[in-house]
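[1] show me how the following folds:
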Amino acid sequence: MSHLAFSILLILVEVTNCLKVEGNFQKEFLNFVDRAMAFQTLLAVTIAISFTAHSACGDRVRLEGDQQLAGRRSEWKKVGEAPDNAKHTLVFALTQSNLAELEKKLMSVSTPSNAEYGKFLSAAEVDAFVRPSAESVDAVSQWLSESDVSVEKACRFTRAREFLECDVNIGQARALLDVPFYRYELDSAVALRAAGHYTVPATVASHLDFVGGVHRLPATGHKVANTSMYRIAKTQGLLGVIPSSLRELYKVGSAVGAGEDSKNVQSVAQFLDQHYRPEDLETFMKKYAGGFTHMTKVAKEIGPDTGHGGIEASLDIQYIMSLGANVPTWFYSTAGKHEGQEPFLLWIQAVANSTTLPNVISVSYGDDEDTLSTLYMQRVSVEFQKLGVRGVSILFASGDDGAGCHKQVFRPNFPASSPYVTTVGGTVESSETEMGVSFSSGGFSNVFAPAAYQSKDVAEFLSTSTKLPEQRFFNKSGRGYPDVAALAVGFEVVDNGFTTPASGTSCAAPTFGGIVGLLNDKLVNEHAKTPLGFLNPFLY
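    All right, here's what the predicted structure looks like:
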């Protein structure tokens, strides 16, 4: 049974319970299903049924009803119910305005044939475009105040008021969301999360997309230094992938950026409680970057530097700064495994709240689609659109689980499956050519349809490919990914003073990101043009 079909089954159980107390609900329910069937998609039916069930079930509404409660929780140990006085952080994602217009704007400023191509919006213009209505802000604020949560003292709005972060105790969180919270542990990490699905009053449900700090536990990221692929690389003589070999492979040559005075910035982001070690970066550049002008220091660090040195962070920063050499580089870090916070959501809030952004953000991070709620993924994708209309290229590693077969179906990754990011897959060299490497994730989303920029290519791929798996394994109507690919096997990384081999799409993403950083540097500094922005309409 597919994830969406299972979600429908759960919702139908909820509907059945509602029928016991709502005598005329059946007619309303069938009307909604008929309307949803006109869309001829399982997802549309799911949403319609869910909406109807919500309207019929009294004065509270379940948000994120399809959020999986197992998944990563199997990695964490549930050690007991959280005490009422335990401190916690909740993030309320308020519904935003003009979302259809936002998507149209993104495509117009990102499509080379459009007259608006490259005419990106400022932060203030984006804020005005999508700012939540005063009604939404007032409804959520009043609900919190009535629940003894002081919006003025305990909460903080982002600049456009699209996120509201509140410091509460577990007793308040339980009263607000009508769900118990438990303490989960993984190694030295601790997280407080709800034991079941949460609900909110019907009066505020239409004003919220989701509430953060309730379900999702910190991820462990993509695989790095994949042991089996390292053995393959060693056997085939592929070890020793270094900046100079990548620059030769991708015809970068000695091209470099404009240096400290450049108007262009590239970046990487980390959410795994990792930080790069400056001495490792300096050693790496001294060892491998002698043939081209380069920087040895990160231009700006955003977020805490308390995380431990890790190969993921080292890999990202060393390769984006050596491919995108002499381009000022930022490093985003997020205080990883914290009782109340979701690291990825913290970063989303941070970039939404920033008036100045880098032109490229490379991220090696992901979750399985079926472990996340549809509302959450849709909202995060809106945040990606907001970055795109500001001229930011967002790159995500596709993942290292191949097609991700799970329970006899393929398992897409998110954010890799979002239509509003550029997803980078992995390759391996073979007989002087590149081919897709077996671990590189890719496939078709179960949540997002193909965007217009790729619909023709997806249709052609599906109609002409001769080695496709059986259709029952994947959703042929979904967004296809990855969009691009780069070498992902046998990279040399300096980590904690030692040279370590690494493989994975976490190698490919910063490699491609550095090349995009160089292209932007030429556009911005030498030709006085805008950066590339959201890449996919241009690529396809």
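[2] quick one: the strands in the stretch 201-350 of the chain, in order.
    All strands of the stretch 201-350 of the chain, identified by DSSP state E, counting those that start in this stretch, fall at 208-212, 266-270, 274-275, 300-302, 308-309, 329-333.
[3] can you put the ones you listed in JSON lines and add mean neighbour count, mean pLDDT and distance to residue 149?
    Heads up, the C-betas are built off the backbone N, CA and C, glycines and all. Output for the strands of the stretch 201-350 of the chain, formatted as JSON lines (neighbours: other Cβ atoms under 10 Å; pLDDT from 0 to 100; distance: least, Cβ to Cβ, whole Å):
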{"stretch": "strand 208-212", "mean neighbour count": "23", "mean pLDDT": "97", "distance to residue 149": "12"}
{"stretch": "strand 266-270", "mean neighbour count": "28", "mean pLDDT": "95", "distance to residue 149": "30"}
{"stretch": "strand 274-275", "mean neighbour count": "20", "mean pLDDT": "82", "distance to residue 149": "33"}
{"stretch": "strand 300-302", "mean neighbour count": "14", "mean pLDDT": "94", "distance to residue 149": "28"}
{"stretch": "strand 308-309", "mean neighbour count": "14", "mean pLDDT": "72", "distance to residue 149": "34"}
{"stretch": "strand 329-333", "mean neighbour count": "23", "mean pLDDT": "95", "distance to residue 149": "29"}
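[4] residue 250 is nearest to which of those?
    strand 266-270 (15.8 Å; Cβ to Cβ).
[5] re earlier: next, format the strands of the stretch 201-350 of the chain as a markdown table and append distance to residue 521.
    Converted to a markdown table, the strands of the stretch 201-350 of the chain look like this (distance: least, Cβ to Cβ, whole Å):
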| stretch | distance to residue 521 |
| --- | --- |
| strand 208-212 | 35 |
| strand 266-270 | 8 |
| strand 274-275 | 26 |
| strand 300-302 | 16 |
| strand 308-309 | 28 |
| strand 329-333 | 11 |
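[6] out of those, which is closest to residue 66?
    That would be strand 208-212 among the strands of the stretch 201-350 of the chain, by Cβ to Cβ, at 11.3 Å.
[7] what residue ranges in the stretch 151-300 of the chain score low on pLDDT?
    Scanning the stretch 151-300 of the chain for pLDDT under 70 picks out the ranges 219-239, 272.
[8] let's go with 90 and repeat that
    185-191, 195, 216-240, 270-275 (pLDDT under 90).
[9] again, but for the stretch 301-450 of the chain
    For the stretch 301-450 of the chain (pLDDT under 90), the answer is 303-310, 334-346, 365-367, 403-409, 429-433.
[10] so what's the residue nearest the centre of the chain closest to, chain neighbours aside?
    The structure's the chain has its C-alpha centroid closest to residue 415; by Cα atoms, centre = their mean the separation is 3.7 Å. Closest residue in space to residue 415, ignoring its immediate chain neighbours: residue 396 at 5.1 Å, by Cβ to Cβ, 6 or more residues apart in numbering.
[11] that neighbour - that's part of a strand, no?
    Yes: with DSSP: H, G, I helix; E, B strand; the rest coil as the criterion, residue 396 is part of a strand.
[12] what bridges to it?
    residue 363, residue 423 (DSSP bridges).
[13] distance check, it against residue 516.
    Relative to residue 516, residue 396 is positioned 13 Å away (Cβ to Cβ, to the nearest Å).
[14] more crowded one of those two?
    residue 396 (29 against 24; other Cβ atoms under 10 Å).
[15] the more buried one and residue 420 touch, don't they?
    No: in terms of Cβ atoms under 8 Å, residue 396 does not count as a neighbour of residue 420; the distance is 10.4 Å.
[16] please enumerate the helices of the stretch 351-500 of the chain.
    374-388, 452-464 (DSSP state H, counting those that start in this stretch).
[17] report the angle between the longest one and strand 208-212.
    Right, helix 374-388. 100 degrees (axes from the mean of the first three to the mean of the last three Cα atoms, to 10 degrees).
[18] so what secondary structure elements neighbour helix 374-388?
    For helix 374-388, the packing partners by 3 or more Cβ pairs under 8 Å, 6 or more residues apart in numbering; DSSP states H and E come out as helix 42-56, helix 99-110, helix 123-130, strand 208-212, helix 343-352, strand 393-397.
[19] recalculate using a threshold of 6 Å.
    helix 99-110, strand 208-212 (3 or more Cβ pairs under 6 Å, 6 or more residues apart in numbering; DSSP states H and E).
[20] residues near residue 188, how many?
    7.
[21] now it, what are its backbone angles?
    When quoted as degrees, to the nearest 10, the phi and psi of residue 188 stand at phi -90, psi 0.
[22] pull up the gap between it and residue 273, please.
    10 Å.
[23] now residue 304
    For residue 304 relative to residue 273 (Cβ to Cβ), the value is 10 Å.
[24] just residue 92 next, same as before
    Taking Cβ to Cβ, one finds residue 92 at 25 Å from residue 273.
[25] for residue 384, same thing?
    23 Å.
[26] which one, of the strands of the stretch 201-350 of the chain, ends up nearest to residue 166?
    Among these, strand 208-212 comes nearest to residue 166, with 9.8 Å by Cβ to Cβ.
[27] partner strands of that closest one, parallel or antiparallel?
    strand 87-94 (antiparallel).
[28] state the mean pLDDT of the strand it pairs with.
    Mean per-residue pLDDT for strand 87-94: 96.
[29] can you name the residues in contact with that strand?
    132, 136, 140, 162-168, 170, 173, 192, 209-213, 340-341, 345, 379 (Cβ atoms under 6 Å, 6 or more residues apart in numbering).
[30] grab the nearest non-local neighbour of residue 177.
    Once flanking residues are discounted, residue 177 sits nearest to residue 198: 3.8 Å by Cβ to Cβ, 6+ apart.
[31] count of residues packed around the one you found?
    Residue 198: 24 surrounding residues under other Cβ under 10 Å.
[32] count the residues that sit near residue 111.
    18.
[33] residues near residue 249, how many?
    For residue 249, the tally of surrounding residues (other Cβ under 10 Å) stands at 15.
[34] gap between the closest residue to residue 376 other than its chain neighbours and residue 198?
    Counting by Cβ to Cβ, 6+ apart, residue 376 lies nearest to residue 210, which is 5.1 Å off, once chain neighbours are set aside. According to Cβ to Cβ, residue 210 and residue 198 sit 9 Å apart.
[35] likewise residue 209?
    Per Cβ to Cβ, residue 209 is found 13 Å from residue 198.
[36] go on, residue 448?
    25 Å.
[37] can you check residue 467 too?
    The gap separating residue 467 from residue 198 is 44 Å, by Cβ to Cβ.
[38] then residue 517?
    Taking Cβ to Cβ as the measure, residue 517 falls 41 Å from residue 198.
[39] before we move on, what about residue 249?
    49 Å.
[40] same check, this time on residue 124
    Counting by Cβ to Cβ, the gap from residue 124 to residue 198 is 34 Å.
[41] do the same with residue 311
    36 Å.
[42] so what's the residue count around residue 285?
    When neighbours are counted by other Cβ under 10 Å, residue 285 comes out with 20.
[43] oh, and call the first residue 262 from now on, that's how I've got it
    Yes, from this point I'll number from 262; that puts the last item at residue 546.
[44] correct me, but it touches residue 557?
    Yes: counting by Cβ atoms under 6 Å, residue 557 is a contact partner of residue 546 at 4.8 Å.
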